[in-house]
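Asker: Would you be able to build a 3D model of this:
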Amino acid sequence: MIPIDGQPILTAQAMRDAEAACGATTEALMARAGAAVAEQVRRLAMGAQVLVLCGPGNNGGDGYVAAAILQRAGVPVRVAATGAPVTEAAIAARAGWDGAVETLSAAQPAPVLIDALFGTGLSRPLDDAVGADLARLHAEARLSIAVDLPSGVATDDGTCPSAIPTFDLALALGALKPAHLLYPAAGHARAVRILDIGAAAFSDVAVLDRPILRTPGPADHKFTRGMVAVVAGRMPGAAALAATAAAHSGAGYVLLLGSATDRLPHAIVRRRYTADALDDLRIGALLIGPGLGRDDVAREKLGHALASPHPLVLDGDALHALDLESLASRAAPTVLTPHAGEFAALFGTVDGGKIARARDAARRSGATIVYKGADTVIAHPDGRVRVAHRPATWLSTAGTGDTLAGLAAGLLAGGHDPFAAACAAVWLHAEAARRCGPAFLADDLAAALPGAIAQCL
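Answerer: Prediction:
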């Protein structure tokens, strides 16, 4: 099995194209997939009885092949099906299964359940009776494995048209699909691993991987390591969180403009906000939005920031006041970090899943988009996309987004291009959260960043 970090993510059609381009027949690919599934099931079942659920298409064919291999290996295995196979490859695979085929409705549970009903092949909700039988058999299994995807999820957008159980493991055939990473579908597999079936997968959409960061050299000083300016507003605590994160990101100098709070590390420089303060050419990245407010003063500050020549990170209130047309004239890189509500306010309702929406937003804005959530999606205007996994769900608390924005600004000021800075910030943010453990405050995240960064040097 292949770990998923850094691996490409393919839509259902892109996976079909990859399979067609590899030169192997459908039957040969099915044989490889079934053999790879059988090997993993054999290891994990540890001699327990296995029940393989087969649907009418090629996902069911994979199941028949796996069952036949398990049977020959001496593993006690049974097969239950929704009906007869309908594709040529699946019909051939069924012929290779030397055993009975039970009806799904009459099948009795087994300790190990293999779902090979539909995988990526379903474009509608599960039939009610099939869904009920799947839930019944799943409830009695101590180990549940989905072949490619849990049956009943939408492959490309991660929605769940049906109520489906949560599987212990999904074995992605050939490549990851969006539903392995996007919620709510991603929540229906506790773990995901990729099985190689000999079809090369290439995509500009991939899983977020651990970044590689540069250690400061002997010639570096505070300004070569990057200067970050953070504009404060009506809620200075949010800007203070962002500035503290920027200071712990590796930036050499952090300037907080307009903050009235004293709860800051002494290393962070505090000054009164003036528009002229943004003229400092040493500023490597400017951050505005956390706690900014939505009044006329806030909008004036945002205008100054947009007119500045510095790389810019926009978060929070700045996203509600932003006019996308104002980004068109910016020559310097821009990173936007919206959560779902801010994204909808800025970009409206766009068809497609989260990957498609983020990619469209990046194209329209010309900015790198960090579309936050448990399945954070980072999109560059050139079409590159990274999707985070292993979510740190304790991040769902006030102030953590301010910390992420400050981290992104620090990395941007340190010389990373906007896409690399955004990707590294998301990875480090989640790793810091995991190091904090449960029930932390956003204030705790900055202190965990040095340990997270140490993993990337």
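Asker: ok now do Ala116, which residues does it touch?
Answerer: Contacts here follow Cβ atoms under 8 Å, 6 or more residues apart in numbering; on that basis Ala116 touches Val37, Val52, Leu53, Cys54, Gly55, Asn59, Gly60, Asp62, Gly63, Tyr64, Ala66, Val147. For the C-beta atoms, the positions are set from N, CA and C on the backbone; glycine is no exception.
Asker: Between those residues, identify the one with the most neighbours.
Answerer: Neighbour counts for the contacts of Ala116 (other Cβ atoms under 10 Å) peak at Asp62, which has 35 neighbours.
Asker: any idea how far it is from Ile4?
Answerer: 20 Å (Cβ to Cβ, to the nearest Å).
Asker: And for Gly353?
Answerer: Per Cβ to Cβ, Gly353 is found 18 Å from Ile4.
Asker: quick one, helices of this protein?
Answerer: Assigned by DSSP state H, the chain shows helices spanning 12-21, 26-45, 58-72, 88-95, 128-140, 236-247, 296-307, 317-321, 340-347, 354-365, 400-413, 418-436, 442-454.
Asker: Identify, out of these, the most deeply packed stretch.
Answerer: Highest mean neighbour count of these: helix 400-413, a mean of 32 (counted as mean count of other Cβ atoms under 10 Å).
Asker: hey, where'd the strands end up in the stretch 151-300 of the chain?
Answerer: Ranges of strands in the stretch 151-300 of the chain, per DSSP state E, counting those that start in this stretch, are 169-173, 192-195, 205-207, 227-231, 253-257, 269-271, 283-288.
Asker: could you dump those strands to CSV with mean neighbour count?
Answerer: Below are the strands of the stretch 151-300 of the chain laid out as CSV (neighbours: other Cβ atoms under 10 Å):
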stretch, mean neighbour count
strand 169-173, 26
strand 192-195, 21
strand 205-207, 21
strand 227-231, 29
strand 253-257, 24
strand 269-271, 15
strand 283-288, 28
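Asker: which stretch among the ones you listed comes nearest Val370?
Answerer: Comparison of these against Val370 by Cβ to Cβ identifies strand 283-288 as nearest, at 12.8 Å.
Asker: That closest one - contacts with which helices or strands?
Answerer: strand 227-231, helix 296-307, strand 312-314, helix 400-413 (3 or more Cβ pairs under 8 Å, 6 or more residues apart in numbering; DSSP states H and E).
Asker: contacting residues for the residue nearest to Arg390 when sequence neighbours are not counted?
Answerer: Counting by Cβ to Cβ, 6 or more residues apart in numbering, Arg390 lies nearest to Ala430, which is 6.8 Å off, once chain neighbours are set aside. Applying Cβ under 8 Å, 6+ apart to Ala430 gives the contacts Ala388, Arg390, Pro391, Ala392, Leu395.
Asker: check contacts around the fourth one.
Answerer: Translated: Ala392. Neighbour list for Ala392: Ala430, Ala433, Arg434 [criterion: Cβ under 8 Å, 6+ apart].
Asker: And it, how close does it get to Ala107?
Answerer: Taking Cβ to Cβ, one finds Ala392 at 39 Å from Ala107.
Asker: what do you get for the second one?
Answerer: Applying Cβ to Cβ, the value for Arg390 to Ala107 is 34 Å.
Asker: Likewise for the third one?
Answerer: The spacing between Pro391 and Ala107, counted by Cβ to Cβ, is 34 Å.
Asker: follow-up on the earlier one: mean pLDDT and distance to Asp315 for the strands of the stretch 151-300 of the chain - can I get that in TSV?
Answerer: TSV is the format used below for the strands of the stretch 151-300 of the chain (pLDDT from 0 to 100; distance: least, Cβ to Cβ, whole Å):
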stretch	mean pLDDT	distance to Asp315
strand 169-173	97	33
strand 192-195	96	30
strand 205-207	98	24
strand 227-231	97	10
strand 253-257	96	15
strand 269-271	94	20
strand 283-288	98	7
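Asker: My guess is Val75 contacts Met46. True?
Answerer: No - counting by Cβ atoms under 8 Å, Val75 does not reach Met46; the two are 9.7 Å apart.
Asker: Between these two, tell me which one has more neighbours.
Answerer: Val75 (19 against 10).
Asker: How about the contacts made by that one?
Answerer: Contacts of Val75 were listed using Cβ under 8 Å, 6+ apart, and they are Val41, Arg42, Ala45, Gly47, Val50.
Asker: repeat for Arg210
Answerer: Arg210 touches Asp5, Trp427, Gln455, Cys456, counting by Cβ under 8 Å, 6+ apart.
Asker: Now the buried members of the residues you listed.
Answerer: For the contacts of Arg210, a burial check counting by 16 or more other Cβ atoms under 10 Å picks out Trp427.
Asker: and which of the contacts of Arg210 is nearest Gly291?
Answerer: Of those, the one sitting nearest to Gly291 (Cβ to Cβ) turns out to be Trp427, at 24.8 Å.
Asker: The closest one is in contact with Val207, isn't it?
Answerer: No - here Trp427 lies out of contact with Val207, judged by Cβ under 8 Å, at a distance of 10.7 Å.
Asker: re the thing from before, please convert the contacts of Val75 to JSON lines, extending it with distance to Ala413 and pLDDT.
Answerer: Formatted as JSON lines, those follow (distance: Cβ to Cβ, whole Å; pLDDT from 0 to 100):
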{"residue": "Val41", "distance to Ala413": "50", "pLDDT": "98"}
{"residue": "Arg42", "distance to Ala413": "52", "pLDDT": "97"}
{"residue": "Ala45", "distance to Ala413": "52", "pLDDT": "96"}
{"residue": "Gly47", "distance to Ala413": "57", "pLDDT": "93"}
{"residue": "Val50", "distance to Ala413": "55", "pLDDT": "98"}
